[in-house]
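Colleague: Could you look at this predicted model? Sequence included:
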There are 2 protein chains.
Amino acid sequence: MTTSSTGTPADGDQSDDQEVAGLAARLREHRLSSRLTLEVAAGRVGLSPAYLSRLETGRRQPSLPVLLGLARAYGTSVSGLLGEAMVEPDPVVRGGAIDPGRAGGWGYRRAGAPGRAMQALRVQVPPGVQDSVVRVHPGEEWLYVLRGELRVTLGDRVHLLAPGDSAHYDSLTPHCIAAESGSGVELLFVHTLLQSPGGELCLGGGPAAH
Amino acid sequence: MTTSSTGTPADGDQSDDQEVAGLAARLREHRLSSRLTLEVAAGRVGLSPAYLSRLETGRRQPSLPVLLGLARAYGTSVSGLLGEAMVEPDPVVRGGAIDPGRAGGWGYRRAGAPGRAMQALRVQVPPGVQDSVVRVHPGEEWLYVLRGELRVTLGDRVHLLAPGDSAHYDSLTPHCIAAESGSGVELLFVHTLLQSPGGELCLGGGPAAH
DNA sequence: CGCCTCTTTGCCTCTGAGGCAAAATTCTTG
DNA sequence: CAAGAATTTTGCCTCAGAGGCAAAGAGGCG
């Protein structure tokens, strides 16, 4: 599914099927590893043993409440039952709804305390400039769009950020930014500083600023 | 069925409802934050806009395939849509199926290299001994049952481990262990050493060994 | 006011969730 | 090996509810 969305609606049928098939196996796995019988496990969730058997053999698909019940009964999460890759939370937080817990770390306004591992900048992205260089480096970055529309590429996903939107991501994911709107973009940029070997921070000029 | 059958098992009805209610809100949130119209979003997943509207207003519950499709369409996980607390993977790994990636860190056998932050022990838990002290300290612990049945309490969950089973958990979760079987338990115990202030490791005697 | 886009609601169909009881299979034990 | 207990699977039925369609609200805008 990391496959970039091809645009066509359903290419997911197969992977869905796979995920659901895995669910059946994982259900059985969990029950057996807890050394429970169908009857006991089913009773615990409020199901009939017959139905649970069908779930574990992939002949039925649980509804949402049943799925939640099973997850709880087995002391795991729905995500765990579905075998979902531990997806890190969406790096994009839209305007207004900025998680105070995260964006609240806003004391580092401007160039923060020198000793800090974090630095904040106010950046002007000129209209034409294409930050074509994809960057990868250790640390963490957070940015917030003040004016204009920003195109942020994180890994293979492209996000369009409007004023008020923000993004928080691991700097190890390949990333690059560019102005989407014709009049340039103004943004706030915060990142951790992991003291590059050279010691200087190459922040001065041009599109290579971040 | 969703109606909790016999009184005992299901206290989950409410939290389930809550989780499902959250789903509706989160669906809308995701779609709006992607600036998609019902029609576009629905088309992308292969649903009718009307149905998607019902999902977002909590008037319908998506089936599993639909849920998976939505998660993919919005670039998140089912877990994310359900707002599941990021559940750390089940600390208990049953016998045989020991994840090689984790249990494989087995080079520290016995008392590992002194400089290492990890140490391994072979522990005898006598029959009667109740390790009633709940421990909390920074670090990580891993244990493996060789003989007998071990009762491991992690947080508020009690796990029964048979020979071949293992558990891997953060030492910050309150934990205590005890012999379940009458003839005592024999286990391997590995943990990180975060150099206690006192400097000594109080490993010598009795039930306080870990 | 009329037109447009977007969302919600009424209503219908028909799949498939889920229970029950009987059959099949596996595990014990004499 | 046969009798019996425990566990899992299958046949069959019912009915809630998933999900589509088309029409009815709800805002914006000229």
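Modeller: It's in.
Colleague: use CA for all of it now, contacts and neighbours both
Modeller: OK.
Colleague: Quick one: classify residue A:177 as helix, strand or coil.
Modeller: Of the three states, residue A:177 takes strand under DSSP: H, G, I helix; E, B strand; the rest coil.
Colleague: Mind checking if stretch A:172-187 is in reach of chain B?
Modeller: No: applying CA under 8 Å from any CA of the partner chain, one finds that stretch A:172-187 is not in contact with chain B, the shortest distance being 15.8 Å.
Colleague: What residues of that stretch count as buried?
Modeller: Going by neighbour count (16 or more other CA atoms under 10 Å in any protein chain shown), the buried part of stretch A:172-187 is A:173-181, A:184-187.
Colleague: Take the residues you listed and write them to JSON lines, including pLDDT and distance to DNA strand D.
Modeller: Formatted as JSON lines, the buried residues of stretch A:172-187 follow (pLDDT from 0 to 100; distance: CA to the nearest atom of the strand, whole Å):
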{"residue": "A:173", "pLDDT": "72", "distance to DNA strand D": "34"}
{"residue": "A:174", "pLDDT": "75", "distance to DNA strand D": "36"}
{"residue": "A:175", "pLDDT": "79", "distance to DNA strand D": "34"}
{"residue": "A:176", "pLDDT": "77", "distance to DNA strand D": "33"}
{"residue": "A:177", "pLDDT": "81", "distance to DNA strand D": "29"}
{"residue": "A:178", "pLDDT": "79", "distance to DNA strand D": "27"}
{"residue": "A:179", "pLDDT": "77", "distance to DNA strand D": "24"}
{"residue": "A:180", "pLDDT": "72", "distance to DNA strand D": "22"}
{"residue": "A:181", "pLDDT": "70", "distance to DNA strand D": "20"}
{"residue": "A:184", "pLDDT": "70", "distance to DNA strand D": "24"}
{"residue": "A:185", "pLDDT": "75", "distance to DNA strand D": "23"}
{"residue": "A:186", "pLDDT": "70", "distance to DNA strand D": "25"}
{"residue": "A:187", "pLDDT": "67", "distance to DNA strand D": "26"}
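Colleague: Just name the closest of the residues you listed to residue B:147, please.
Modeller: The closest of the buried residues of stretch A:172-187 to residue B:147 turns out to be residue A:173 (CA to CA; 45.3 Å).
Colleague: do you know how far the nearest residue to the closest one once chain neighbours are set aside is from DNA strand D?
Modeller: Excluding its sequence neighbours, the residue lying closest to residue A:173 (CA to CA, 6 or more residues apart in numbering or on different chains) is residue A:155, at 5.5 Å. Counting by CA to the nearest atom of the strand, to the nearest Å, the separation of residue A:155 from DNA strand D is 31 Å.
Colleague: right, and out of the buried residues of stretch A:172-187, which lies closest to residue B:151?
Modeller: Nearest member of the buried residues of stretch A:172-187 to residue B:151, counting by CA to CA, is residue A:173, at 41.9 Å.
Colleague: The closest one and residue B:24, how far apart?
Modeller: 30 Å (CA to CA, to the nearest Å).
Colleague: Likewise for residue A:46?
Modeller: 24 Å.
Colleague: ditto for residue A:175
Modeller: In terms of CA to CA, residue A:175 sits 32 Å off from residue B:24.
Colleague: can you check residue A:70 too?
Modeller: In terms of CA to CA, residue A:70 sits 21 Å off from residue B:24.
Colleague: Stretch A:35-47 - what's its average pLDDT?
Modeller: Confidence over stretch A:35-47 (mean pLDDT, whole number) is 89.
Colleague: Return the residues of chain A in contact with DNA strand C.
Modeller: A:46-51, A:59-63, A:65-66 (CA under 7 Å from any atom of the strand).
Colleague: Can I get the buried part of those as one ChimeraX selection?
Modeller: Here is the ChimeraX command that selects the buried residues among the residues of chain A next to DNA strand C (16+ other CA under 10 Å):
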select /A:46,47,48,49,51,61,62,65,66
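Colleague: from the residues of chain A next to DNA strand C, which two are the most distant?
Modeller: A:46 and A:59 (18.7 Å).
Colleague: lowest-confidence helix or strand of chain A?
Modeller: Sorting the helices and strands of chain A by mean pLDDT, DSSP states H and E puts helix A:100-103 at the bottom, at a mean of 30.
Colleague: longest single helix anywhere in chain A?
Modeller: If you go by DSSP state H, chain A has its longest helix at helix A:13-33.
Colleague: And it, what does it pack against?
Modeller: helix A:49-56, helix A:78-82, helix B:64-73 (3 or more CA pairs under 8 Å, 6 or more residues apart in numbering or on different chains; DSSP states H and E).
Colleague: Determine which stretch of those helices is the most buried.
Modeller: Mean neighbour count (mean count of other CA atoms under 10 Å in any protein chain shown) peaks for helix A:78-82 among the helices and strands packed on helix A:13-33, with a mean of 22.
Colleague: List the buried residues in stretch A:34-47.
Modeller: A:34, A:38, A:41, A:42, A:43, A:44, A:45, A:46, A:47.
Colleague: just checking, residue A:24 touches residue A:55?
Modeller: Yes: look at residue A:24 against residue A:55 with CA atoms under 8 Å: they come within range, at 5.9 Å.
Colleague: Right, I'll leave it there.
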